[in-house]
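Asker: could you work out the structure for the sequence below:
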Amino acid sequence: MLSAEELERYARHIVLREVGGPGQAKLKAARVLLIGAGGLGAPALMYLAAAGVGTLGVVDDDVVSLSNLQRQVIHTTPDIGRPKVESAAETVRALNPHVTFHAHAARLTAANALDLIAGYDIVADGSDNFATRYLVSDACYLANKPLISAALGLFDGSLTTIRAHERNAKGELNPTYRCLFPDPPPPGTVPSCEEAGILGALAGVLGAMTALEVIREIVGFGEGLVGRLVMIDARAMRFETLRYARDPANPLNGDHPTITDLSAHR
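Answerer: Numbers count the residues shown, from 1 in each chain. Here you go, the predicted structure:
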């Protein structure tokens, strides 16, 4: 049930035929977990809070540094040195007091991933390393949770939705993250943003797109990104979409699965 204040706050959503009162009620009832409160997680959190997602959680064990502020817009200069989850919580509460915020000041690991994910309906991964992306995708599959997965490069980014625990309209299992990227790149071949740099506004674009995809998944309108990878080239301002399918040899929901727990990530 939306209060009079909430009806006014979300008025521009409610007049949208694709959202309306029922869609806004779905957003209020939803529980979304963000992996990371950095370049991708910061804008995603702000738009999800503004949209009225009822419960937001963030997993991040880092503190705010001066170099973060070029792109991590949920934090401000006085927040330098504070845990990112505390800074994010303060901004979210100021933006929308109707949102319940859970700060998980921890690094996501094989030991805690399933317990953290269990309390949420949908997970959005804004992590900045391949080890965490594979851990999150495997954990979401084992926990039967949908995953919005975003990644940033120097001047490029990508976004997709993973529902590998479900079947499509044809009764076929949906693809996993490992169908799209069977193996991580060799260590040292992909430089970190500290080494190579990153365009701050691009993080904002992809973080907002992450929030948009979460909202679409919750409300249920449009064509989802299951089996589709949206790719952004910021140099050419070009958006392209790649379709991908389930690999029968993938180790999660393939014909002969070998991953049944998170022990490989320990």
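Asker: quick one: residues contacting the closest residue to Glu86 other than its chain neighbours.
Answerer: With sequence-adjacent residues excluded and distances taken as C-beta to C-beta, 6 or more residues apart in numbering, Glu86 is closest to Ala103, at 6.4 Å. To be clear about C-beta, it is placed using only N, CA and C from the backbone, and glycine gets the same treatment. Counting by C-beta atoms under 8 Å, 6 or more residues apart in numbering, Ala103 touches Gly57, Val58, Pro83, Val85, Glu86, Ala88, Ala89.
Asker: out of these, which is most surrounded?
Answerer: Ala88 (29 neighbours; other C-beta atoms under 10 Å).
Asker: element containing that residue?
Answerer: helix 84-95 (DSSP states H and E).
Asker: which other residues reach that helix?
Answerer: So helix 84-95 is contacted by 37-38, 41-42, 45-46, 49-50, 56, 58-60, 62-64, 68, 72, 74-76, 79, 99, 101, 103-105 (C-beta under 8 Å, 6+ apart).
Asker: could I get the pLDDT score of the closest residue to Arg167 other than its chain neighbours?
Answerer: Among residues not flanking Arg167 along the chain, Leu173 sits closest, at 5.6 Å (C-beta to C-beta, 6+ apart). What the model reports as pLDDT for Leu173 is 96.
Asker: now do the same end-to-end measure for stretch 12-19.
Answerer: 10 Å (C-alpha to C-alpha, to the nearest Å).
Asker: which intervals of the stretch 101-250 of the chain have sub-threshold pLDDT?
Answerer: Along the stretch 101-250 of the chain, the model assigns pLDDT under 70 to residues 188-195.
Asker: strands along that one, start to end?
Answerer: 122-125, 147-152, 156-162, 228-233, 238-243 (DSSP state E, counting those that start in this stretch).
Asker: please list the residues outside the third one that contact it.
Answerer: With contacts defined as C-beta under 8 Å, 6+ apart, strand 156-162 is touched by 137, 140-141, 146-151, 174-177, 180, 202, 205-206, 209-210, 213, 217, 224-226, 228-234.
Asker: again, but for stretch 225-245
Answerer: Taking C-beta under 8 Å, 6+ apart as the rule, stretch 225-245 contacts 148, 155-163, 168, 174-175, 179-180, 199, 202, 205-206, 209, 213.
Asker: for this structure, longest helix please?
Answerer: helix 200-219 (DSSP state H).
Asker: packing partners for it?
Answerer: The contact analysis (3 or more C-beta pairs under 8 Å, 6 or more residues apart in numbering; DSSP states H and E) places helix 200-219 against helix 20-29, helix 41-51, strand 122-125, strand 147-152, strand 156-162, strand 228-233.
Asker: restricting to C-alpha, output it in PDB.
Answerer: C-alpha atoms of helix 200-219 as PDB (Å, rounded to 0.1, in the frame of the first residue of the first chain):
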ATOM      1  CA  GLY A 200      33.700   8.500 -14.800                       C
ATOM      2  CA  ALA A 201      30.600   9.400 -16.900                       C
ATOM      3  CA  LEU A 202      30.700   5.900 -18.500                       C
ATOM      4  CA  ALA A 203      30.300   4.400 -15.100                       C
ATOM      5  CA  GLY A 204      27.300   6.600 -14.500                       C
ATOM      6  CA  VAL A 205      25.700   5.500 -17.800                       C
ATOM      7  CA  LEU A 206      26.200   1.800 -17.100                       C
ATOM      8  CA  GLY A 207      25.200   2.100 -13.500                       C
ATOM      9  CA  ALA A 208      21.900   3.800 -14.500                       C
ATOM     10  CA  MET A 209      21.400   1.100 -17.100                       C
ATOM     11  CA  THR A 210      21.900  -1.500 -14.400                       C
ATOM     12  CA  ALA A 211      19.200   0.200 -12.300                       C
ATOM     13  CA  LEU A 212      16.900   0.300 -15.300                       C
ATOM     14  CA  GLU A 213      17.300  -3.400 -15.900                       C
ATOM     15  CA  VAL A 214      16.600  -4.200 -12.200                       C
ATOM     16  CA  ILE A 215      13.500  -2.100 -12.400                       C
ATOM     17  CA  ARG A 216      12.300  -3.800 -15.600                       C
ATOM     18  CA  GLU A 217      12.900  -7.200 -14.000                       C
ATOM     19  CA  ILE A 218      10.900  -6.300 -10.900                       C
ATOM     20  CA  VAL A 219       8.000  -4.600 -12.700                       C
END
